[in-house]
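1. Following is a predicted model, sequence given first.
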Amino acid sequence: MAKDRGNSDDYVRPIRRILVGLLVFVLFAVFLIWRIDNPRVERFRAALVDRVVPNFEWALAPVTKGAEMVGQFQSYVRIYEQNQELRRELQQMKAWKEAALQLEQKNAKLLDLNKVRLDPALTFVTGVVLADSGSPFRQSVLLNVGDRDGITDGWATMDGIGLVGRISGVGQNTARVILLTDSNSRIPVTIQPSGQKALLSGDNTATPPIEFLESPEQVRPGDRVISSGDGGVFPAGLLVGQVAQGPDRRLRVRLAADYERLDFLRVLRSHRPEVIADPGSLVAPPVESQPLSDTTDVPLAGGSTDG
């Protein structure tokens, strides 16, 4: 085996040397042909290129395809970068759109507040809702108006449509509003058109029930509910909502105010009715003093006057 391998190496080495020498000779000849500056050699070079290059198109195809792939990849990279830039611009536009929608909603709510017609005797202060209680057991919100704005406990608050609640707790710069849905809320209401008086009691649901109704048969779903003004809790005539029948067959009120979007609230300055301290003036007008007439002598019984 080692002898056969040695014989094969003896034949391969001379052939390898011949091929290497032939390759070096061809390369040197091509170098000389391309370096010689002669008209005949120039014509020879042109003829050689015309004959050889077209036959090597199949060899140049991978190079051409590779160049095209490189160009397409560069184009893809540019398209990807443009796509990322467009995505960033789209995100910015979405943020601007969201901000514009929020401003539009706030503007609409302020316009709604301006459209509410109130008693000319009532003045108001508009406040921004800062936060809510975030508790299922306490329904309240915080306003950015307080004692510095003259806010007083018990004043009614409204959004652009209906009654929301009452002030319960006033600080120097903030005030808390107890909503009508809070379990501690109780307000007297009037149901129209029947004129029935009742009490709206909060129970931490979106539709508080109606209690102490004298004639429930006169009340129908869809009837209008307004504040009655009894007890001086709220001014009379403020819209509360509409009567609706709940799943428990109880009469409830579908509130007119949008409790899901409380951004601005209008605090109504209500003044307590004047207390009359002197009830006697209600019974009869004051007695006017009449002038006394000239006195005459009246005979006394059993006596006589001097003649």
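-> Happy to help now that I have it. Being a predicted model, the structure only gives us computed values, none of them experimental.
2. What average pLDDT does stretch 197-212 get?
-> Here stretch 197-212 scores 92 as its mean pLDDT.
3. Can you pull out the residues in contact with it?
-> Residues outside stretch 197-212 that contact it (Cβ atoms under 8 Å, 6 or more residues apart in numbering): 136-137, 139, 179-191, 213-214, 219, 225, 228, 230, 240, 243-244, 246, 250-255, 259. From N, CA and C alone the C-beta is placed, and that goes for glycine too.
4. Quick one: buried ones out of those?
-> 139, 179-182, 185, 187-191, 213, 219, 225, 228, 240, 243-244, 251-255, 259 (16 or more other Cβ atoms under 10 Å).
5. rewinding a little: let's see which of the contacts of stretch 197-212 end up in strands.
-> Among the contacts of stretch 197-212, the members found in strands (DSSP state E) are 179, 186-191, 225, 240, 243-244, 251-255.
6. what sits opposite M158 in the beta ladder?
-> Going by DSSP bridges, M158 is paired in beta bridges with L163, R266.
7. count of neighbours near it?
-> Counted with other Cβ atoms under 10 Å, residues neighbouring M158 total 22.
8. would you list every one of the strands in this structure?
-> Using DSSP E, strands in the chain cover 123-132, 140-143, 156-158, 163-170, 175-179, 186-192, 196-201, 210-211, 224-227, 239-245, 251-255, 264-269.
9. Go through the ones in strands among the contacts of stretch 197-212 and say which is closest to Q92.
-> The shortest approach to Q92 among these belongs to L179, at 37.4 Å (Cβ to Cβ).
10. Please look at that closest one and G165 and confirm they touch.
-> Yes. L179 sits in contact with G165 when judged by Cβ atoms under 8 Å, with a separation of 4.2 Å.
11. which residues are common contacts for the two?
-> 140-141, 185.
12. For these, please prepare TSV with the additional fields pLDDT.
-> Supplementary listing: these in TSV, determined by pLDDT from 0 to 100:
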residue	pLDDT
S140	89
V141	91
S185	91
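13. where does the stretch 201-307 of the chain dip in pLDDT?
-> Along the stretch 201-307 of the chain, the parts satisfying pLDDT under 70 run over 271-307.
14. how about a cut-off of 90?
-> Scanning the stretch 201-307 of the chain with the threshold set as pLDDT under 90 gives 204, 213-216, 229-237, 246-249, 257-264, 266, 268-307.
15. can you check the stretch 1-150 of the chain too?
-> The stretch 1-150 of the chain contains residues with pLDDT under 90 at 1-77, 87-140, 149-150.
16. And the helices in it?
-> Using DSSP state H, counting those that start in this stretch, the helices of the stretch 1-150 of the chain run over 2-35, 39-52, 57-115.
17. got the angle between the shortest one and helix 2-35?
-> Angle, helix 39-52 to helix 2-35, by axes from the mean of the first three to the mean of the last three Cα atoms, to 10 degrees: 120 degrees.
18. Next: the longest one.
-> What separates the directions of helix 57-115 and helix 2-35 is an angle of 70 degrees, with the same axes, to 10 degrees.
19. for helix 57-115, packing partners?
-> Contacts defined by 3 or more Cβ pairs under 8 Å, 6 or more residues apart in numbering; DSSP states H and E place helix 57-115 against strand 264-269.
20. Format the CA atom coordinates belonging to the strand it packs on as PDB.
-> In PDB, the C-alpha atoms belonging to strand 264-269 read as follows (Å, rounded to 0.1, in the frame of the first residue of the first chain):
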ATOM      1  CA  PHE A 264     -66.400  70.300  35.100                       C
ATOM      2  CA  LEU A 265     -69.000  71.000  37.800                       C
ATOM      3  CA  ARG A 266     -71.000  74.100  38.400                       C
ATOM      4  CA  VAL A 267     -71.500  74.900  42.100                       C
ATOM      5  CA  LEU A 268     -74.700  76.800  42.700                       C
ATOM      6  CA  ARG A 269     -74.700  79.600  45.300                       C
END
